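Engineer: Based on what follows, work out the 3D shape:
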Amino acid sequence: RVYTQPTQGTWETTQTLPEVVVEEEGSRSEVYLTLLQVYLQAEDKGLPSMLSECLDLIGRKHSQMDGERVLALLPDETPLGSLLQFCQGVIQGSSEARRNTRVIKNLRRYENLQVREAMIQCHQRSVDITMERACAMCHKRISNSVFAVYPDGRIVHYNCIRSYMPKNWPTAQN
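Structural biologist: Okay, here's the model as predicted:
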């Protein structure tokens, strides 16, 4: 909740706002928009116009304010030249966010391609099972049994893996 009261000393008000503790995302934006509304309503209450303070506020805090809502609050008579700093900041912030999103997307795509390449290499690996090939654990012939291959090349019966596997190893059933 923000309690505001228009004062002549607006410089102190805007300088202390960055120290506001923000508990929710977007709360700071709401604080600045509320302050902007108070500045703009000062003229309705018989106080001098605070348009220059409004323009100064949105020029300095453009990255923490919703540009669309700010433009909706400003009076129609606001000169476009005075909004230059605000508009440049909003456009730069938007293009930076878009660029960052593209970079993250491309990094994830590259990581996905690396994982696919590693998986393809694993699937392309072949093992020759001959009648003389023996299990590395029980030393019985593999012949036509179901088997598994360790990364170091050892070949074992599938049942040998299950029987010698420590109880705390994760399995498909866990």
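Engineer: Skip the chain neighbours and tell me the closest residue to residue 160.
Structural biologist: Nearest residue to residue 160 in three dimensions, chain neighbours excluded: residue 137, at 4.2 Å (CB to CB, 6 or more residues apart in numbering). (Each C-beta comes from the backbone N, C-alpha and C, glycine too.)
Engineer: residue boundaries of the strands in this protein?
Structural biologist: For the chain, the strands defined by DSSP state E cover 147-149, 155-157.
Engineer: before we move on, the earlier item: spit out the contact partners of the residue nearest to residue 160.
Structural biologist: 156, 157, 160, 161, 164 (CB atoms under 8 Å, 6 or more residues apart in numbering).
Engineer: Just name the most buried of the strands of the chain.
Structural biologist: strand 155-157 (a mean of 19; mean count of other CB atoms under 10 Å).
Engineer: Relative to that strand, what are the paired strands and their orientations?
Structural biologist: Paired strands of strand 155-157, with direction, are strand 147-149 (antiparallel) (DSSP bridges).
Engineer: How far off centre is the strand it pairs with?
Structural biologist: The chain centroid and the centroid of strand 147-149 are separated by 41 Å, computed with CA atoms, centre = their mean, to the nearest Å.
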